[in-house]
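[1] quick one: sequence and predicted model below, then my questions.
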Amino acid sequence: MLYLKNKIMILFCIEKSSWFNLETLSNLSNIIIAFLTLVLGFYVFVYQKNKDNKSDEETEINRRKNIKLQWFKEIIIQPKIDLVFNFYDQINSIKSKINGNDLNDDEKIEIINFIKKEQSDLRKSFLDLVQHINNDLHSELSLNVDKLTDNLTDVISNDEFKLKNEITYNREIKSKIEYSYSEFLSKIFNYCG
Amino acid sequence: MSNASIDLENHRTKGSKVFTGRERGISVRENTKIDALVKEKELVEIIIPTDIMSINPSFLEEFLTNAVKSLGKEDFYTKVKFISDSKRYDITLDLEEAVDRILRNENALSKK
C-alpha cells in the first residue's frame, strides 16, 4: 500500500511533504460533492413542489370546467335540445310549402317569414341561454343559423330556381339544411367547457 | 340639425329582392356612413325599395349595430325611421330581432 502511495506521488510529482495537501484536497472535494448534492436535492425539492402546485392548479381548472360542462348539459342541452331538433324539423317542413316551381312573391315572403320566425324562436329559447354560458359557442351557433336563414332566403327569393324539382330542391335547400344541422350538433357536442 | 336619407335601392345587389348577410350589412353601413349620420342629423330615414321581399336580421344587425349602441333602443327608434311603400313586406319584426340581438351582444360583451 505504501509502495502504491509512493508510486502515485512520483507519478504526479508530489513531494512527501505535500501529501497532507492531497488529503486536504480530497476532503475539499468531498465537501464540494456534498454541497452539490445538497443543491441538487434542494433543486429537485423546489422543482417538484412547483410541479405539484401547477398540477393542483390544473386539477382545479379541470374541476371547474367539468362543473361548468355538467351545468351546461343539465340546464341547457338536456332540457332544450328538442328545440334544436324541432327547429330543423320546421325548416325541413318548408318543402311542403313549396307548391310549385313558380311561387308568387307573397308565397315566397310567407316562406321566408316562416324561416325567420323559427330562427328567432330558436334564438330566444336556446341560443340566448348558450350566450350566458359561452359567448364564443353562441357566436358560432348564431353564425351557423344566420347563414342557413340567409342561404334559404336567397334561394327562395330567386326566380331562377325551380324548387319543385327534386334535384334543385335537394341541392339548394336540403343539403344546406343538413350541413347546418350537422355543424350545429357537432359544435354543441364538441364543446368542452 | 337637418334630416338625412338613405335609399337602400342604391345599395342592393343587382336583381336581388332581399338584403341578407353580415358582410353585406357591414358594407352598406360603411358606404352609407350611417354611424356618423345618426350622430349629426336629427332624423335618418331609410327608404326600402318597394319590391323588397326581406331584409334579414343578419344584415340589419351589422348595418345598424353602431347606431343602436350609440343611441340606445328608444332614441334609435325615434331617430331612425324605415320608409316603405310596400304592402307585402313589413320590416318591424326583422328590425326588432336585429335590435334585440345587438343589445344582447353588447350586454354579453360588457359582462366579459
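    Okay, I see it.
[2] chain A contacts on chain B?
    B:16-18, B:20-22, B:51, B:53-54, B:56-58, B:88-89, B:93-94, B:97, B:101, B:104, B:108-109, B:112 (CB under 8 Å from any CB of the partner chain). Backbone N, C-alpha and C define where each C-beta goes, glycine included.
[3] filter these to the buried ones?
    Taking 16 or more other CB atoms under 10 Å in any protein chain shown as the criterion, what is buried in the residues of chain B next to chain A is B:17-18, B:20-22, B:53-54, B:56-58, B:89, B:94, B:97, B:101, B:104.
[4] so what pLDDT did residue 96 get?
    As the question left the chain open, I've gone with chain A. Residue A:96 is assigned a pLDDT of 94 by the prediction.
[5] right idea, wrong chain: chain B
    Residue-level pLDDT assigned to residue B:96 equals 97.
[6] also residue A:33?
    So residue A:33 comes in at 95 (pLDDT).
[7] equivalent analysis for residue A:14, please.
    At residue A:14, pLDDT is 57.
[8] shaky segments in the chain?
    Unless you meant another one, I'm taking chain A. A:1-2, A:4-20 (pLDDT under 70).
[9] not what I meant, chain B
    Ranges of chain B meeting pLDDT under 70: B:109-112.
[10] keeping just the C-alphas, turn the helix ranked longest in it into CSV.
    In chain B, with assignment by DSSP state H, the single longest helix is helix B:92-111. The C-alpha trace of helix B:92-111 is given here as CSV (Å, rounded to 0.1, in the frame of the first residue of the first chain):
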residue,chain,number,x,y,z
THR,B,92,-91.0,45.6,-38.0
LEU,B,93,-90.2,42.0,-36.8
ASP,B,94,-86.8,41.8,-38.5
LEU,B,95,-85.8,45.2,-37.1
GLU,B,96,-86.9,44.2,-33.6
GLU,B,97,-85.0,41.0,-33.9
ALA,B,98,-81.9,42.8,-35.0
VAL,B,99,-82.0,45.5,-32.3
ASP,B,100,-82.6,42.8,-29.7
ARG,B,101,-79.6,40.9,-30.9
ILE,B,102,-77.4,43.9,-31.0
LEU,B,103,-78.3,44.9,-27.4
ARG,B,104,-77.9,41.3,-26.1
ASN,B,105,-74.5,41.0,-27.7
GLU,B,106,-73.4,44.3,-26.2
ASN,B,107,-74.6,43.2,-22.8
ALA,B,108,-72.8,39.9,-23.1
LEU,B,109,-69.6,41.6,-24.1
SER,B,110,-69.8,44.1,-21.3
LYS,B,111,-70.1,41.2,-18.8
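[11] run through who's touching that helix.
    A:113, A:116-117, A:120, A:123, A:128, A:131-132, A:135, A:138, B:54-57, B:60-61, B:64-65, B:68-69, B:73, B:76, B:82 (CB atoms under 8 Å, 6 or more residues apart in numbering or on different chains).
[12] repeat the analysis, applying 6 Å as the threshold.
    Residues from elsewhere that reach helix B:92-111 (CB atoms under 6 Å, 6 or more residues apart in numbering or on different chains): A:120, A:131, A:135, B:55, B:57, B:60, B:61, B:65, B:68, B:69.
[13] do stretch A:124-139 as well
    A:72, A:76, A:80, A:83, A:141, A:142, A:191, B:108.
[14] filter these down to the buried ones.
    A:72, A:76, A:141, A:142, A:191.
[15] contacts only, for the last one.
    Counting by CB under 6 Å, 6+ apart, residue A:191 makes contact with residue A:137.
[16] specify the local secondary structure of it.
    coil (DSSP: H, G, I helix; E, B strand; the rest coil).
[17] ok, now how distant is it from residue A:152?
    26 Å (CB to CB, to the nearest Å).
[18] again with the fourth one
    Per CB to CB, residue A:142 is found 16 Å from residue A:152.
[19] on that earlier part again, and the buried ones among the contacts of stretch A:124-139 as CSV, adding secondary structure?
    Formatted as CSV, the buried ones among the contacts of stretch A:124-139 follow (three-state DSSP):
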residue, secondary structure
A:72, helix
A:76, helix
A:141, helix
A:142, helix
A:191, coil
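[20] need the max-distance pair from these.
    A:72 and A:142 (16.7 Å; CB to CB).
[21] need the residues of chain A near chain B, please.
    Counting by CB under 6 Å from any CB of the partner chain, chain A comes close to chain B at A:106, A:108, A:109, A:112, A:120, A:131, A:135, A:146, A:150, A:153, A:154, A:157.
[22] and those residues, which is closest to residue A:56?
    Closest to residue A:56, out of all of these and judged by CB to CB, is residue A:135, at 28.3 Å.
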